[in-house]
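Engineer: got a sequence here, can you model it:
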Amino acid sequence: MNREKIIVYQIFTRVFGNRNQTNKSNGSLAENGSTKLNDIDEKVLRQIKEMGVTHVWYTGIIRHATTTDYSAYGIPQQNPEVVKGKAGSPYAITDYYDVDPDLAEDPQERMAEFEALIERTHKAGMKVVLDFVPNHVARQYQSICAPAGVKGLGEDDDVNMHFSTHNNFYYCWGQPLDLSDVRGTRCEVRGARNEEDVYTEVPAKATGNDQFSCRPNRNDWYETVKLNYGIDYCDAGGRSEHFDPIPNTWNKMTDILLFWAAKGIDAFRCDMAEMVPAAFWAWATDKVKFLYPDKAFIGEVYDPAQYRNYIAAGFDYLYDKVGMYDCMRDVICDRRPASDITQQWQATDDIRDHMLYFLENHDEQRVASDFFAGDGRRGLPGHLVSVLLQRNPYMLYAGQEFGERGMESEGFSGKDGRTTIFDYWSVGSTWRGYFERRKLKKEERALSSDYQKILQMANGEKAVREGETFDLMYVNPQLADKQYAFLRKAEEELLIIVANFADNAAETELVIPQHAFDFLQIPKQEVTATDLLDGSDLKIILRPEQPIHMVVPPLGGRVYKVVLF
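Structural biologist: Numbering: from 1, shown residues only. Predicted coordinates for the structure are as follows:
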């Protein structure tokens, strides 16, 4: 039976299709505008699907803290002292059961507009991924859209206890929240602080990045509060677990997952999953998958020592950040040899189908930024390897395929090589690519064409979708620094793949060892191979140790396809 190779396309929804091109630094919603869910219409979705995408991750959907006033719609206002940027962080959730009103043409119909987008995405042949933010919420979390009978987070907490399994938050024993360090930053950004802007919280709640004092600093996640899953981080013996009886938070957060699963969400990308105990995930994913067996969970886990624990707890896929991403970035930037890629896939070989590869996301710097490679084309060989190396999922961030640089200073997010998640903004490359395609620059058009050719191979080529992998680096030491070579094979189809990270063409004699012929059951024969990237043909004698002469173009690669007989 054919299997699907997952290709996730991350859209930071607020900026993706924003038709307002003002882009005023630190601008308001009225000045800079926002994408609307209805902007992502059938035409846009068809174009995304044609690129080879199977899943769309709509980032920033659930209502989060913002400085924009929506009180006319019954939405509580947020104090700007505990909001990062004018638009606010999509990871400072204010209501798990609501949709960001910035994204709605009619804020009163914001949930219906999102439900319509889910339906459009499914009709386009793709699945929907939604952020689930389990570790922390906005300081002024207040649900106005929870189903009848659902108690709010913290509603029944005993604020006189630092820790209790009945509490949803951690408290600082009657001490007020001290934002004195943060206020220095806010004054620099917003000018003189008005007295009515002062945010008070008594007692202080622990901050989202496991900061358990009442004095978070400007580098903390000071706009968020940590959720309590039954771990006491500050008891006499250090960290201790209290999971029996089931902590109150477990039930409330599982109910939120079930709420969105019932809306037709196909997968949850779980923010900072490793900051929440694996025991909770085992409990929650079991309940969700019992009712919805096809729902998938993608975990943001950075500690390789924890990978297998979280997979055992129900995660289908995990970020491969500190392994493959960090390595690929270093290879692209000429800090490590291409042969190091082998070590990275080998480190997770027993769980290879669970590892999610990527070169960009909203947390990481853009490949084309001055902080990374300076040119989107330099990331193309890394894209080729990441997509074609294994059967595991691959994720790309909207704009990556056009070489988006992310070099604006948008406001709260300074010039850091990232597309802002805190400010109202518009991304020129995605606007041109999906809404004004005739305005695409020549280099953007060429790069997106190459991206699409590679992405379409993920499910268009059986050897990529279903086949085995054989790494060729150990018998081709001449490639060690700037080229990376491997085989993919399924039944009668064989792919010979060489990526070239160098600025110049690479002429090489590629060797395929006897072990590859045995492992992949490759018959010895003379064949004509066709490069799936440029359509050129190459005569090949397929025999062990018989060198295959080829020239690999700079900042690109060869994907020679052979049909065996």
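Engineer: hey, where'd the strands end up in the stretch 51-200 of the chain?
Structural biologist: Here the stretch 51-200 of the chain has its strands, by DSSP state E, counting those that start in this stretch, at 55-59, 62-64, 93-99, 127-132, 136-138.
Engineer: and those as JSON lines, adding mean neighbour count and mean pLDDT?
Structural biologist: Where you see a C-beta, it was placed from the backbone N, CA and C, and this is true even at glycine. JSON lines is the format used below for the strands of the stretch 51-200 of the chain (neighbours: other C-beta atoms under 10 Å; pLDDT from 0 to 100):
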{"stretch": "strand 55-59", "mean neighbour count": "25", "mean pLDDT": "98"}
{"stretch": "strand 62-64", "mean neighbour count": "26", "mean pLDDT": "98"}
{"stretch": "strand 93-99", "mean neighbour count": "22", "mean pLDDT": "98"}
{"stretch": "strand 127-132", "mean neighbour count": "22", "mean pLDDT": "98"}
{"stretch": "strand 136-138", "mean neighbour count": "27", "mean pLDDT": "98"}
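Engineer: how about a markdown table for those, with distance to Asp481 added?
Structural biologist: Converted to a markdown table, these look like this (distance: least, C-beta to C-beta, whole Å):
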| stretch | distance to Asp481 |
| --- | --- |
| strand 55-59 | 34 |
| strand 62-64 | 45 |
| strand 93-99 | 45 |
| strand 127-132 | 36 |
| strand 136-138 | 43 |
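Engineer: for Ile332, which of those is the nearest?
Structural biologist: Between Ile332 and these, the shortest gap by C-beta to C-beta is with strand 55-59, which sits at 23.1 Å.
Engineer: which helices and strands sit right next to the closest one?
Structural biologist: If you count contacts as 3 or more C-beta pairs under 8 Å, 6 or more residues apart in numbering; DSSP states H and E, strand 55-59 packs onto strand 7-12, strand 127-132.
Engineer: out of those, the one nearest Ala516 is which?
Structural biologist: strand 7-12 (26.9 Å).
Engineer: partner strands of the closest one and their direction?
Structural biologist: With DSSP bridges as the test, strand 7-12 is paired with strand 55-59 (parallel), strand 394-397 (parallel).
Engineer: from the middle of its chain, how far away would that strand be?
Structural biologist: Centroid displacement of strand 7-12 relative to its chain, using C-alpha atoms, centre = their mean, to the nearest Å, is 7 Å.
Engineer: can I get the strands paired with strand 7-12 in TSV including distance to Arg418?
Structural biologist: Below are those laid out as TSV (distance: least, C-beta to C-beta, whole Å):
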stretch	distance to Arg418
strand 55-59	13
strand 394-397	10
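Engineer: what's the closest of the ones you listed to Phe290?
Structural biologist: strand 55-59 (22.2 Å).
Engineer: still on that earlier bit, can I get the helices and strands packed on strand 55-59 in JSON lines including distance to Val552?
Structural biologist: What follows is those, written out as JSON lines (distance: least, C-beta to C-beta, whole Å):
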{"stretch": "strand 7-12", "distance to Val552": "24"}
{"stretch": "strand 127-132", "distance to Val552": "34"}
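Engineer: rewinding a little: for Gln346, find the nearest of the strands of the stretch 51-200 of the chain.
Structural biologist: Taking the strands of the stretch 51-200 of the chain one by one with C-beta to C-beta, strand 55-59 is closest: 26.9 Å.
Engineer: which of the strands of the stretch 51-200 of the chain sits closest to Cys145?
Structural biologist: strand 93-99 (4.2 Å).
Engineer: mind listing residues that contact stretch 438-448?
Structural biologist: Stretch 438-448 is contacted by residues Gly376, Arg377, Leu380, Glu401, Phe402, Gly403, Ser429, Arg432, Gly433 when judged by C-beta atoms under 8 Å, 6 or more residues apart in numbering.
Engineer: quick one: low-confidence parts of this protein?
Structural biologist: Applying pLDDT under 70 to the chain flags the ranges 1-2, 185-196, 236.
Engineer: find the nearest non-adjacent residue to the spatially most central residue of the chain, please.
Structural biologist: Taking C-alpha atoms, centre = their mean, the centroid of the chain lies closest to Asn361, which sits 4.9 Å from it. Leaving out its chain neighbours, the residue that sits closest to Asn361 by C-beta to C-beta, 6 or more residues apart in numbering is Tyr397, at 5.2 Å.
Engineer: residue contacts, that neighbour?
Structural biologist: For Tyr397, the contacting residues are Gln10, Phe12, Phe358, Glu360, Asn361, His362, Thr419, by C-beta under 8 Å, 6+ apart.
Engineer: for the contacts of stretch 438-448, name the two members farthest from one another.
Structural biologist: Longest span within the contacts of stretch 438-448, C-beta to C-beta: Leu380 and Arg432, 19.3 Å.
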